[in-house]
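1. structural data only, the sequence is not supplied:
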Ligand code: ACO
């Protein structure tokens, strides 16, 4: 058995920015309402024809460069998304040729909505620890702008597009110290895209392929569940809050992060926040936030990170990482 370590991180945000003021011209909303209720000021939106794999490839290239690897060094690709380019092949497979990743590797997608990256990290870590892979690309990439109802002010102001990636490598010391994954499908109705291919294209109407959410109820479940998750992760690993250098949470809403920090007694100064500029990029949000804080020098080698996310399903999970 070995462990996995993060060798490099990368992120990519599409060029086009939509500000809250832009949204004021599209739906009955205001910059003030959006900032007060969510902390979000702007979000990046993929260009016409720019797909999930384009965002993922750009983030992955940056992570490979940061790790001083090329695609040829990779033997596992795990990509989390709810907005793939195609039904199949998986977006992970679509990246292989573009990134010069060898033909005989393992590559697949994971769907766990906003918790997808934590699921992907857990799976890649298990491959590496059991000798099934040595160098993995773990990616979260989303084009949520394509599943937003741009007439629904309750949801269209909350999300953005982007991708984040990490390169994991087998190592003698962890790295990824522990991961926890959970799911409970009983409240699927609170947050979903109600259409899927198995229902048939004849049932796809204008808005059936778009996000619906009972935001108020999701908010309460998210804070309660993530609070429990952080405490359970720390207890299971005999750690105190003080030993964690950085909390890197899913970037759904700054109010959710503030409420969570208050609930678990964690100072906001040690919480990485990117939702103000990225909005909620679903499976991309945690690796993007991680990459931002690595590149701006806040996250340093040797520090202890607690990554956590909550998403549709519901799915939720955490990863304790010695960076
Ligand atoms: N602009 C102006 N008014 C709005 C907007 C908007 N964009 N959206 C809703 N409103 C109105 C509502 O219609 C409502 O009006 P009413 O009182 O006349 O009926 C009023 O604002 C209050 O609406 P609430 O939904 O109660 O507002 P709340 O304070 O709960 O904030 C929000 C809404 C921001 C969506 C919040 O509930 C939230 O963040 N929930 C969690 C959502 C989330 O993050 N989901 C994703 C997490 S999981 C994942 O990432 C997949």
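-> Now that the structure is in, tell me what you want to look at. This one's a predicted model, so the numbers in the text were calculated from it and none came from an experiment. Numbers count the residues shown, from 1 in each chain.

2. domains for the protein, by residue range?
-> The chain breaks down into these domains under automatic domain parsing: 3-173, 178-322.

3. using a markdown table, lay out those domains together with mean neighbour count and mean pLDDT.
-> Glycine gets a C-beta too; all of them are placed from N, C-alpha and C. Below are these laid out as a markdown table (neighbours: other Cβ atoms under 10 Å; pLDDT from 0 to 100):
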| stretch | mean neighbour count | mean pLDDT |
| --- | --- | --- |
| domain 3-173 | 21 | 98 |
| domain 178-322 | 18 | 96 |
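
4. check which element follows whichever strand or helix holds residue 33 along the chain.
-> Element membership for residue 33, per DSSP states H and E: helix 31-38. Next helix or strand after helix 31-38 toward the C-terminus (DSSP H and E): strand 42-45.

5. related to what we said a few turns ago, the helix holding residue 33 and the ligand, are they touching?
-> Yes - for helix 31-38, a contact with the ligand is found by Cβ under 6 Å from any ligand atom, at 33, 34, 37, 38.

6. same deal with stretch 138-146?
-> No - Stretch 138-146 lies apart from the ligand when judged by Cβ under 6 Å from any ligand atom; the minimum separation is 9.1 Å.

7. which helices and strands sit right next to the helix or strand hosting residue 257?
-> Assessed by DSSP H and E, residue 257 sits inside helix 254-264. In terms of contacts (3 or more Cβ pairs under 8 Å, 6 or more residues apart in numbering; DSSP states H and E), helix 254-264 is packed against helix 31-38, helix 215-236, strand 246-249, helix 275-278.

8. any idea whether residue 284 is helix, strand or coil?
-> helix (DSSP: H, G, I helix; E, B strand; the rest coil).

9. need the contact list for it.
-> For residue 284, the contacting residues are 11, 55, 59, 117, 140, 141, 142, 161, 162, 163, 164, by Cβ atoms under 8 Å, 6 or more residues apart in numbering.

10. closest to residue 254 among those?
-> residue 162 (16.8 Å; Cβ to Cβ).

11. so what sits opposite the closest one in the bridge?
-> residue 142 (DSSP bridges).

12. ok, the one 5 residues further on next?
-> Per DSSP bridges, residues listed as beta-bridge partners of residue 167: residue 8, residue 137.

13. now the strands: where do they sit in the stretch 101-250 of the chain?
-> Along the stretch 101-250 of the chain, counting by DSSP state E, counting those that start in this stretch, strands occupy 106-110, 135-142, 162-171, 176-183, 191-192, 212-213, 246-249.

14. residue 82 is nearest to which of these?
-> Taking Cβ to Cβ, strand 135-142 is the member of the strands of the stretch 101-250 of the chain nearest to residue 82, at 6.7 Å.

15. could you give the separation of the closest one from the chain centroid?
-> Its chain's C-alpha centre and that of strand 135-142 lie 10 Å apart, by Cα atoms, centre = their mean, to the nearest Å.

16. so who does the residue nearest to residue 16 when sequence neighbours are not counted touch?
-> Leaving aside its sequence neighbours, residue 16 sits nearest to residue 45 (Cβ to Cβ, 6 or more residues apart in numbering; 5.0 Å). Residues near residue 45 by Cβ under 8 Å, 6+ apart: 14, 16, 17, 18, 145, 160, 161.

17. greatest separation within those: which pair is it?
-> Pairwise over the contacts of residue 45, using Cβ to Cβ, the maximum falls at 17 and 145, 12.0 Å.

18. list phi and psi for residue 148.
-> phi -100, psi 140 (degrees, to the nearest 10).

19. right, and it touches residue 210 too?
-> Yes - shown here, residue 148 and residue 210 form a contact pair, counting by Cβ atoms under 8 Å, at 6.2 Å.

20. who touches both of these two?
-> Going by Cβ under 8 Å, 6+ apart, residues that sit against residue 148 and also against residue 210 are residue 155.

21. got the contact list for whatever residue of the chain ends up closest to the ligand?
-> Of all residues in the chain, residue 215 sits closest to the ligand, at 2.9 Å by Cβ to the nearest ligand atom. Residues near residue 215 by Cβ under 8 Å, 6+ apart: 154, 155, 158.

22. go ahead and confirm the last one touches residue 282.
-> No - using Cβ under 8 Å, residue 158 is not in contact with residue 282; the gap is 10.3 Å.

23. sorry, back to before: I'd like to know which elements the helix holding residue 33 is packed against.
-> Taking 3+ Cβ pairs under 8 Å, 6+ apart as the contact cut, helix 31-38 packs with helix 20-24, helix 254-264.

24. do that again at 6 Å, thanks
-> On a contact count with 3 or more Cβ pairs under 6 Å, 6 or more residues apart in numbering; DSSP states H and E, helix 31-38 meets helix 20-24.

25. who are the packing partners of the helix it packs on?
-> helix 31-38.

26. right, I'll call it a day here.
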